[in-house]
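Trainee: Next input, structure requested:
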Amino acid sequence: MAVAAGIFLSRIAGLVRDRLISHYLGLSAAAAAFRAAMRIPNLLQNLFGEGVLSSSFIPVYARLRAEGKHEEAAQVARVIGTLLALVATTLAALGVLASDVLVDLLAPGFEEATRELTVRLVQIMFPGIALLVMSAWCLGVLNSHNRFFLTYVSPVLWNAAIIATVVFAGRRLAGHDDEIATWLAWGTVIGAAAQFLVQLPTVILLLKGFTPSLALRPGVRTTLRNFVPIVIGRGSVQISAYVDQVLASFLGEAIVAAMFSAQTLYMLPVSLFGMAISAAELPAMSGTAGDDEARTKHVRDRLRNSLRRVVFLVIPSSVAFVAIGGSIVSLLYETGRFGARDTEIVWIILAGSAIGLAASTQGRLFASALYALGKPRAPLYAALARVGVGITVGYIVVMPLRHHFGYSAAWGAFGLTAAASLAAWLEFALLYRWTKRRVGTVDVPVRLALGALAASIVSGAAGYGAARAVLELGGRRWMSAIVACCVFGGVYIVAMAAGKVPEARAFTRKILRR
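Mentor: Numbering: from 1, shown residues only. The predicted structure is shown next:
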C-alpha cells in the first residue's frame, strides 16, 4: 500500500505534467523533440538505476540484514553508492559530448530543425540523469528497510519542478515552442536534484553516515556479479524501446509525441499494480534466512498471493484501455492544442500496448522471484527473446507492410505497440517456465483471470455505452469520460463480488464499512 500510494501520487503528478505540456505544445515538433530528448538520457537512469539496481542490490543487502550483518550491509551500500556516482557522472559527461550522435541514432526521422532542438535539450538534461541514478540507489537502501512511501513519492518533486516550469514558460512564451521546450529541459534537471536530495538524509541516517568507499567486500562482488546480467537484460528491453522510437520517428513527429502520451497512460497500471507489488515483494522474498528449501517455499507462497492481486487489478485495466481508452485520453489530455484527432491517435496506440499489459506485470513478479533466488540469468534470456521478437515484428509492421498496404501512421504505431505486447507474452511464458523449474508448481490464477476478463468485457461495453449516451444527450466529452470510468469500475467490482472473488468482496466490505 505504501508503494502504491507513493506511485499513485507521482503518476498523478506525471499526468498533470503531461496534460500541461500537451496544452501548451500539443503534438508539435517541439513536443516531439522534448519527448525524444527525455528518452535518450533516461537510458542511463534505467540501465544503472531503478529496477536494475534494485534487482541486484536489494537481494544482497536484505539478506545480510536478515542474517544480522548490519554493518557489512551498510558497507556494501556505501561502496555501491560510490561506484554508481562515479559511473553515472562519467557517462552523463560523455552523453553531453555525444548528444549529436545519440540523436542521429535514436531519432533519425526528425527534420533538421527538430533534430537541432533535440540535441540542445539532451545536452541540458543529461547532467540531471546522474542525480536520478543516485536517487535509485536511495530507493534500494530505503526499500530494504521497508521505507517504501518516501522513495516512490519523491518523483512528485521532479514532476512538480516541470509543472512549475511549463506553466511559467507556457504563459510567458506562448507561440515560442522551442523556448518552452528549453525551459522544460532545465525544469527536469532541477526536479532531479530535488528528488535525490529529499531521500538522502534518511539514507545517511539508516547507514549511520556515508563515507565514500571502494572496498570490494564479498557482498559487493555478488551485487556486481548479478548486476551484469541484469543490466544486459533490462538494457536490452530499453534498447527495444529506443528502437521503437526510431521506427516511430519515420511515422512522423506527431506519432513520437503521441507514443509518449500513450506510454504515460500505459505505465499507470504497470506502476500502480505491477511495479508496486513486485517492488514490495523483492525485499520480502530476499530477506529470509534458512536453507534453499525454506527460501524456495517462502518465494513460492509469496508469488501465489501476489499473482492474484496483479491479475485482479491489471486485466480490467487492459480492457478499459481498449473499450473506453478514448474517453480516458480525452479526459486527461484533450485541452489547448491537443484536439479530438490527437485523442484518437493516442487511443489507437494505447490499445496496442494494452494487449501485453497483463504479461508485463506478471512477468515482473516472476523476474523478482528469480532475482531473490540469485538467478539473474533467466530474466536476461527472457528479455533478449522479448527484444528480438519485438524489434523484428515492429520493423515489419512499420516498414514493409505499411509500404505495401498503405495504412495510416497511427495504425503503424498500433502495430509497433502490439508487436511489443506479443513479445511481452513470450517473455512471460519463458519466465513462468523457468520459475516453475526453480521453485516447483506455481499457481497461476487462470480461473480468476478468465473471470476478470469476462467481467471486464461486460464492464467495457457498459462504460462505452454510457459515454455514448452522455454525448447523445448533449453532455460534454469530459462528462462522458467520467461517466464511462465510473460505470466501468462499478460494474467490474459488482460482477467480481457477485462471483465471490475474495479480492472484490474484501474491497466492497471496506467500502460498506466506510
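
Trainee: Okay, the spatially closest residue to residue 5 that is not a sequence neighbour and residue 14: tell me how far apart.
Mentor: Leaving aside its sequence neighbours, residue 5 sits nearest to residue 149 (C-beta to C-beta, 6 or more residues apart in numbering; 6.2 Å). C-beta: built from backbone N, CA, C; applies to glycine. According to C-beta to C-beta, to the nearest Å, residue 149 stands 17 Å off from residue 14.

Trainee: swap in residue 309?
Mentor: 23 Å.

Trainee: Same check on residue 308?
Mentor: Taking C-beta to C-beta, one finds residue 308 at 28 Å from residue 14.

Trainee: neighbour-wise, which of the two wins?
Mentor: The neighbour comparison of residue 308 against residue 14 (other C-beta atoms under 10 Å) goes to residue 14, with 21 against 18.

Trainee: elements contacting the one helix or strand that one maps to?
Mentor: For residue 14, the host element (DSSP states H and E) is helix 2-25. With contacts taken as 3 or more C-beta pairs under 8 Å, 6 or more residues apart in numbering; DSSP states H and E, helix 2-25 sits against helix 29-48, helix 149-153, helix 155-172, helix 177-206, helix 253-269, helix 276-286, helix 325-333.

Trainee: Ok, which of the ones you listed comes nearest residue 229?
Mentor: Proximity to residue 229 (C-beta to C-beta) singles out helix 29-48 among the helices and strands packed on helix 2-25, at 13.0 Å.

Trainee: Could I get the average pLDDT for the closest one?
Mentor: Mean pLDDT, helix 29-48: 76.

Trainee: can you list the weak-confidence ranges in this protein?
Mentor: For the chain, the stretches with pLDDT under 70 are 40-55, 106, 233-238, 279, 282, 286-291, 510-514.

Trainee: Pull up the distance across stretch 468-486, start to finish.
Mentor: One end of stretch 468-486 sits 14 Å from the other (C-alpha to C-alpha, to the nearest Å).

Trainee: buried set for that stretch?
Mentor: Buried residues in stretch 468-486, counted by 16 or more other C-beta atoms under 10 Å: 470, 477, 480, 481, 482, 483, 484, 485.

Trainee: Nearest to residue 276, out of the residues you listed: which one, please.
Mentor: residue 485 (20.3 Å).

Trainee: hang on, that closest one packs against residue 326?
Mentor: No. Here residue 485 does not reach residue 326: they are 11.8 Å apart, not a contact under C-beta atoms under 8 Å.

Trainee: Relative to residue 264, how far out is residue 14?
Mentor: For residue 14, the distance to residue 264 - C-beta to C-beta - is 6 Å.

Trainee: next SSE after the one helix or strand residue 341 maps to?
Mentor: Element membership for residue 341, per DSSP H and E: helix 340-354. Note on helix 340-354: by DSSP H and E, the next helix or strand toward the C-terminus is helix 357-372.

Trainee: got the buried residues for the next helix or strand after that following helix?
Mentor: For helix 357-372, the succeeding helix or strand toward the C-terminus, using DSSP H and E, is helix 377-398. Across helix 377-398, burial judged by 16+ other C-beta under 10 Å covers 378-380, 382-387, 389-391, 393-395, 397-398.

Trainee: Who are the contact partners of the closest residue in space to residue 268 that isn't next to it in sequence?
Mentor: In this structure, residue 268 finds its nearest non-sequential neighbour in residue 11, 5.4 Å apart by C-beta to C-beta, 6+ apart. By C-beta atoms under 8 Å, 6 or more residues apart in numbering, residue 11 lies in contact with 267, 268, 271, 272.

Trainee: The helix holding residue 341 - contacts with which helices or strands?
Mentor: helix 253-269, helix 292-323, helix 325-333, helix 409-439.

Trainee: Any chance of TSV for these, columns distance to residue 142?
Mentor: As requested, the helices and strands packed on helix 340-354 are arranged in TSV below (distance: least, C-beta to C-beta, whole Å):
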stretch	distance to residue 142
helix 253-269	21
helix 292-323	20
helix 325-333	30
helix 409-439	27
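
Trainee: for the ones you listed, which one sits closest to residue 115?
Mentor: helix 253-269 (10.5 Å).

Trainee: That closest one relative to helix 325-333, how many degrees between them?
Mentor: Going by axes from the mean of the first three to the mean of the last three C-alpha atoms, to 10 degrees, helix 253-269 is angled at 100 degrees with respect to helix 325-333.

Trainee: which helices and strands does helix 253-269 pack with?
Mentor: helix 2-25, helix 29-48, helix 218-249, helix 292-323, helix 325-333, helix 340-354, helix 357-372, helix 409-439.

Trainee: Mind doing that once more with 7 Å?
Mentor: Applying 3 or more C-beta pairs under 7 Å, 6 or more residues apart in numbering; DSSP states H and E, one finds that helix 253-269 contacts helix 2-25, helix 29-48, helix 218-249, helix 325-333, helix 340-354, helix 409-439.

Trainee: Output the contacting helices and strands for the last one.
Mentor: Pointing back at helix 409-439 there. Checking 3+ C-beta pairs under 7 Å, 6+ apart, helix 409-439 ends up next to helix 218-249, helix 253-269, helix 292-323, helix 340-354, helix 357-372, helix 377-398.

Trainee: Just name the most buried of the ones you listed.
Mentor: helix 357-372 (a mean of 26; mean count of other C-beta atoms under 10 Å).

Trainee: Distance from it to the middle of the chain?
Mentor: Here helix 357-372 is found 13 Å from its chain centre; the criterion is C-alpha atoms, centre = their mean, to the nearest Å.

Trainee: Distance check, residue 140 against residue 258.
Mentor: Distance from residue 140 to residue 258, by C-beta to C-beta: 34 Å.

Trainee: same check, this time on residue 116
Mentor: 22 Å.

Trainee: what's the answer for residue 449, then?
Mentor: 30 Å.

Trainee: Please apply the same query to residue 493.
Mentor: Applying C-beta to C-beta to residue 493 and residue 258 gives a distance of 31 Å.

Trainee: what do you get for residue 482?
Mentor: For residue 482 relative to residue 258 (C-beta to C-beta), the value is 23 Å.

Trainee: What of residue 154?
Mentor: Taken as C-beta to C-beta, the span from residue 154 to residue 258 is 28 Å.

Trainee: Pull the number of nearby residues for residue 90.
Mentor: 11.

Trainee: The one helix or strand it maps to packs against which elements?
Mentor: For residue 90, the host element (DSSP H and E) is helix 70-97. The contact analysis (3+ C-beta pairs under 7 Å, 6+ apart) places helix 70-97 against helix 29-48, helix 50-66, helix 112-144, helix 218-249.
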